[in-house]
Structures are given as structure tokens and as C-alpha cells.
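In: Mind looking at a prediction? Sequence and model below.
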Amino acid sequence: MNTRTAISVMLVLAVVGLAPAQPHEAPTAIQRAPETVRSTGVIGRLIERAAPGDTIIVPPGVYREHLRLDKPLTLEGGGKAVIDGDGHGDIVEISAPDVTFRGFIVRNTGDNLDKENAAIRALAPRATIEHNTLTDILFGIDLREAPDSVIRGNVIGGKPLDPARRGDGLRLWRSDRALVEGNTLHDGRDAILWYSKGVVARGNTSRRCRYGLHLMFSDDVLIEGNTLEGNSVGVYLMYSTGVEVRGNRLLANRGPSGYGVGLKETDRFTLRDNYIAGNRVGIYLDGSPFTQAQPGRVTLNTLAFNDVGMTFLPSAKGNLVTENNFIDNLNQVFVAGRGNLDANRFWEGDRGNFWTDYSGYDQDRDGIGDFVHDSTTLFDGLLDREPKLRLFLFSPAQQAVEFVGRALPTMRPEPKFVDEVPLMRPVAVTLPPAPRTASRVMLIAGAGVLVGVFLSVLAAARLPACVFEIGGRS
């Protein structure tokens with residue numbers, strides 16, 4: 001990491017109250033210590049009387065109390081027990097290992113960002129927090145040095161606050177080997193992993209948040225089968241190593257950054273079998289891969305209908321981009337800065353990528369274009385230098401610029417990248433089933449119509465039949 005980056009990281013950490021001794025070395029403890037929760041009320045008395053290992057079944061009802069689980073217990077709410085924090089402080093604190101907290105409605109935390117008021121906070125290993133509904137909360141589930149925990153099947157909704165005043169729906173701090181599975185987060189800030197290794201985040205849904213999933217210094221993480229839509233950013237990976245992102249739906253993330261997937265100084269990563277559609281930028285690469293230990297692999301993804309399919313900063317070198325579908329992105333590949341992408345490759349062996357703007361043909365019908373695919377249009381080159389010109393896409397001004405580029409070959413820019421063996425047919429992408437919600441159905445239906453039109457054009461051109469399914473491979 002260069003000096004400027006190291007200073008930037010230290011400033012970011014200082015803002016949130018974290019100050020590691022070195023940029024890649026975790027602090028010994030989070031500096032903001034939570035307030036100690038003391039059990040009160042009916043459930044509190046049940047906890048006090050219980051022996052370690054007991055299971056407590058809480059009857060339906062509304063309980064206005066704060067709980068501290070300081071012994072190994074299973075607490076069952078059956079989906080009808082409501083714990084109301086009465087608008088102040090944290091609500092549930094787990095301070096002993098091997099606690100299970102299941103089936104509660106937890107609502108109405110305090111709104112103090114300095115104290116990070118949370119619905120459920122775990123401070124010990126092997127916590128299981130599952131099938132709870134969290135509403136009107138500042139921070140949702142907060143794991144602090146709670147390795148080997150399971151966060152499963154929870155619904156986490158934030159307070160009706162300005163986004164700058166919201167807390168994280170889910171936060172893991174030094175909680176290695178946690179399983180985060182089947183949760184739904186909405187109207188919060190981030191789901192963030194800090195210094196947490198070996199985490200699996202699978203089958204989660206995030207909507208109307210800032211970051212659907214955010215990694216900082218978290219290695220060997222699997223992000224699989226998640227649906228992250230309508231956030232500012234879908235997935236952002238920062239300063240992490242050994243991350244695999246596969247089988248996710250990253251849709252309509254259109255905040256100021258608007259990345260489906262963003263990577264900053266991330267190493268040994270794989271992006272595979274993801275459906276990335278309707279974002280401002282499909283994939284954003286900055287300084288990734290961070291070393292030359294292994295190429296960054298971007299393969300078998302569909303990038304469709306984004307403003308920009310992939311954005312590379314000049315610092316992004318050593319990426320292998322192959323067997324992806326680039327479908328009708330306004331700008332398929334964008335270089336944010338001077339230079340080209342010679343340090344990255346867009347083919348491997350005889351397999352490149354599928355491009356809807358490829359203008360070549362396949363005379364021998366082997367599925368490979370007879371000419372290379374490159375990006376040499378004059379207007380595309382101008383867009384790289386001045387993105388605001390996107391305002392003139394599909395306008396007479398663009399047509400005039402392209403006419404000049406064709407009439408005067410000396411005006412054509414050097415290609416930013418070359419795909420030596422472009423594919424004539426889209427590749428199939430394997431995705432797990434998606435949750436069926438109204439917004440989700442509408443988005444899939446719209447995308448399905450566009451893909452259907454696209455395939456009809458292929459059929460009219462009498463190209464070999466192909467199968468392209470959003471839902472899976474066949």
C-alpha cells in the first residue's frame with residue numbers, strides 16, 4: 001500500500017473511531033464500548049432463574065424491557081413475543097458464549113449514533129441469532145469479537161431517519177467464521193464486515209441501504225446467492241484477500257457511486273456467475289488485484305443495461321475478464337483516467353466475451369467472431385475523457401461525432417482494450433432462486449422483456465440457438 005493510501009485508510013478509521021497500529025493490522029478492541037445492558041422485567045427474571053443450558057419459552061405479548069444474556073441459554077419467542085426498548089439504549093446484549101436468541105420481534109432502540117444503540121449485540125463466541133424481526137432500530141445485529149456465530153433468517157429494518165443518521169443493519173467486528181444467511185435488510189446503512197475472516201454471506205437480501213454488503217480487511221470470505229438491489233452500492237470489497245463473489249443478483253444500485261460490485265485494493269478475488277443489471281456501474285476496479293499473486297478473475301457474469309458495464313482505474317492491472325455477457329450497457333468498458341487496459345486480458349485461450357455491440361460476423365459458425373472486438377469509436381473515446389458527454393448518447397450529436405470518426409480514420413482513438421476471440425452467443429449464468437417480492441417480480445419482468453427482445457433479434461439473424469436464462473443454466 002502506498003503512503004497516500006495508507007494515510008487515507010487511517011483517516012477513514014479515525015472517523016469511525018478505529019485506529020489500527022498498521023493499515024492491515026486489526027486493533028485489539030473496538031474503541032466505542034457499548035453500555036452494559038441490565039435485564040429488567042418478566043423475561044429478565046426468567047433469565048436470572050435459568051440454569052446454563054436451559055431453554056426459555058417466552059409467551060406472546062409485549063415486553064418493555066432490556067435483556068442481558070450472561071449464561072449459555074436458548075431464548076425462544078415463537079414469532080409473537082415483542083421486546084420493546086421504549087426508544088432508549090440497546091435492547092438485547094449477549095455476553096456469554098453459546099447463546100441462541102430466536103423468534104422475537106425487537107423494536108424501538110435509542111437513536112444515539114455516538115453510543116451506537118443496537119437491537120441485538122453479541123460480545124461472545126458462538127451466538128445464534130435467527131428468525132427475528134427488528135423494526136425501528138438504529139443498529140440491528142452487532143457482533144463484536146463473536147466468532148463462529150450464526151445470523152440467519154432475520155428481517156432488519158431501520159429507523160425513518162436521513163441516511164446519514166442511520167446505523168448499520170448488520171456489523172461484524174473480528175467475528176471469524178460467522179455464517180450470515182437468509183437475512184433481509186432494508187432502510188439501513190450498511191451490512192459491514194470488519195477484520196472478520198472465513199465469513200460466509202449467503203442468500204441475503206438488501207434494499208434501500210447504503211452498502212448492501214461492505215468488506216474492510218476481511219479475508220477468505222464467500223458472498224453467494226444474495227440479492228442486493230436499490231442500494232447506493234451493492235457489494236464493496238476493500239483491502240481484503242481471497243474473496244469469492246458468485247451467484248448474486250446486483251440490481252439497480254444507483255447512488256452517487258452506484259456500483260454493482262466495487263473493489264479497492266482487493267487481492268485473489270473471483271467474480272463468477274453474477275447477474276449485474278441496471279446499476280450506474282456494473283463492476284468498478286481500483287488497484288485490484290493488489291499484488292501479482294493471482295489474476296483477478298471476472299468470468300461467467302452478465303452485465304446488462306448498466307450505464308457503464310465495467311470501470312477500470314489505471315491502477316487496475318492483472319485482471320482476466322472472460323466468458324461474460326456485456327449486454328446493452330450504455331458504455332461497455334470505461335477507463336477512468338488516461339491510458340488503456342493492456343495490463344488486463346479480455347480472453348483466455350479461444351474464449352472471449354459476448355458483446356452486443358460487436359460488429360463482426362462468424363462465417364464458419366464456430367461461435368467465435370472472425371474479427372477481434374475493440375473499442376475504437378470516437379464518441380466512446382470522448383466519453384472516457386469527459387463522462388458528462390453521456391447526456392448526448394443516442395442524439396444527433398453522437399451520430400455526427402461517429403460520422404466524423406468513420407470519415408476521418410485519423411480521428412479514431414487507439415483501442416482501450418481488445419477481445420481477440422469475441423463470442424457470438426451469450427453464455428449461461430448459474431443463479432440460485434431469488435426471493436419473490438413485488439419489486440423483484442417487476443424488475444425481473446422488465447429485464448426478461450429486454451432479454452427476450454434481444455434473443456428474438458438473434459433468432460431473426462439465424463444464429464445458432466442458445467439458452468440464456470436469468471434463473472439458471474440449462
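Out: Alright, I've got the coordinates.

In: now the helices for this protein?
Out: With DSSP state H as the criterion, the chain has helices at 3-15, 41-49, 378-385, 396-407, 438-460.

In: Identify each buried residue in stretch 184-197, please.
Out: Of the residues in stretch 184-197, 184-197 count as buried by neighbour count, 16 or more other CB atoms under 10 Å. (C-beta placed from N, C-alpha, C; glycine too.)

In: Can you tell me which of those residues comes closest to residue 58?
Out: residue 184 (22.8 Å; CB to CB).

In: Report the beta-bridge partner residues of that closest one.
Out: Assessed by DSSP bridges, residue 184 has beta-bridge partners residue 155, residue 205.

In: That one contacts residue 156, correct?
Out: Yes - using CB atoms under 8 Å, residue 184 is in contact with residue 156, at 7.0 Å.

In: Select from the helices of the chain the stretch with the lowest mean pLDDT.
Out: When the helices of the chain are compared by mean pLDDT, helix 3-15 comes last with a mean of 38.

In: give the contact list for residue 155.
Out: Residue 155 makes contact with 132, 133, 134, 183, 184 under the criterion CB atoms under 8 Å, 6 or more residues apart in numbering.

In: 7 Å - rerun?
Out: 133, 134, 184 (CB atoms under 7 Å, 6 or more residues apart in numbering).

In: how close does the nearest residue to residue 421 once chain neighbours are set aside get to residue 304?
Out: Spatial nearest neighbour of residue 421, excluding adjacent residues (CB to CB, 6 or more residues apart in numbering): residue 352 at 4.2 Å. Distance check for residue 352 against residue 304: by CB to CB, to the nearest Å, it reads 17 Å.

In: Could you tell me which of the buried residues of stretch 184-197 are located in strands?
Out: Among the buried residues of stretch 184-197, the members found in strands (DSSP state E) are 184, 185, 186, 190, 191, 192, 193, 194.

In: pLDDT and distance to residue 309 for those residues - can I get that in JSON lines?
Out: Shown next, in JSON lines, are those (pLDDT from 0 to 100; distance: CB to CB, whole Å):
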{"residue": "184", "pLDDT": "98", "distance to residue 309": "28"}
{"residue": "185", "pLDDT": "98", "distance to residue 309": "27"}
{"residue": "186", "pLDDT": "96", "distance to residue 309": "27"}
{"residue": "190", "pLDDT": "95", "distance to residue 309": "25"}
{"residue": "191", "pLDDT": "97", "distance to residue 309": "25"}
{"residue": "192", "pLDDT": "97", "distance to residue 309": "27"}
{"residue": "193", "pLDDT": "97", "distance to residue 309": "27"}
{"residue": "194", "pLDDT": "97", "distance to residue 309": "30"}
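
In: Need those residues in TSV (columns: distance to residue 61).
Out: Output for those, formatted as TSV (distance: CB to CB, whole Å):
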residue	distance to residue 61
184	25
185	27
186	26
190	33
191	31
192	34
193	35
194	36
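
In: and which of the residues you listed is nearest to residue 245?
Out: Ranked by distance to residue 245 (CB to CB), those are led by residue 193 at 13.1 Å.

In: what sits against the closest one?
Out: 172, 199, 215, 216, 218, 221.

In: same thing but at 10 Å, please
Out: Contact analysis of residue 193 by CB atoms under 10 Å, 6 or more residues apart in numbering lists 143, 170-175, 178, 180, 199, 201, 213-218, 221, 223, 237, 240.

In: Keep only those of the residues you listed that are in strands.
Out: Those of the contacts of residue 193 lying in strands (DSSP E): 143, 170-173, 180, 201, 213-216, 223, 237.

In: Now do the contacts for the residue nearest to residue 421.
Out: So residue 352 contacts 321-324, 345-346, 358, 368-369, 372-373, 418-423 (CB under 10 Å, 6+ apart).

In: surely residue 347 meets residue 322?
Out: Yes - at 5.8 Å, residue 347 counts as touching residue 322 under the criterion of CB atoms under 10 Å.

In: joint contacts of those two?
Out: Going by CB under 10 Å, 6+ apart, residues that sit against residue 347 and also against residue 322 are 353, 419, 421, 423.

In: Most neighbours out of those, which is it?
Out: residue 353 (27 neighbours; other CB atoms under 10 Å).

In: Phi first, then psi, for the nearest residue to it once chain neighbours are set aside.
Out: Spatial nearest neighbour of residue 353, excluding adjacent residues (CB to CB, 6+ apart): residue 324 at 4.7 Å. Backbone torsions of residue 324, given as degrees, to the nearest 10, read phi -100, psi 160.

In: Who are the contact partners of residue 126?
Out: 72, 96-100, 146-150, 177-178.

In: where does the stretch 301-450 of the chain dip in pLDDT?
Out: Applying pLDDT under 70 to the stretch 301-450 of the chain flags the ranges 376-395, 397-414, 435-450.

In: if we can go back for a sec, out of the shared contacts of residue 347 and residue 322, which sit inside strands?
Out: residue 419.

In: Using PDB, list the CA coordinates for the lengthiest strand in the chain.
Out: The longest strand of the chain (DSSP E) is strand 74-84. The C-alpha trace of strand 74-84 is given here as PDB (Å, rounded to 0.1, in the frame of the first residue of the first chain):
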ATOM      1  CA  THR A  74     -31.800 -20.700  24.400                       C
ATOM      2  CA  LEU A  75     -34.400 -17.900  24.300                       C
ATOM      3  CA  GLU A  76     -37.500 -18.700  22.200                       C
ATOM      4  CA  GLY A  77     -40.100 -16.100  21.200                       C
ATOM      5  CA  GLY A  78     -42.200 -18.100  18.800                       C
ATOM      6  CA  GLY A  79     -42.600 -15.100  16.500                       C
ATOM      7  CA  LYS A  80     -45.200 -13.500  18.800                       C
ATOM      8  CA  ALA A  81     -43.100 -12.100  21.700                       C
ATOM      9  CA  VAL A  82     -42.300  -8.400  21.300                       C
ATOM     10  CA  ILE A  83     -39.400  -6.800  23.100                       C
ATOM     11  CA  ASP A  84     -39.800  -3.000  23.000                       C
END
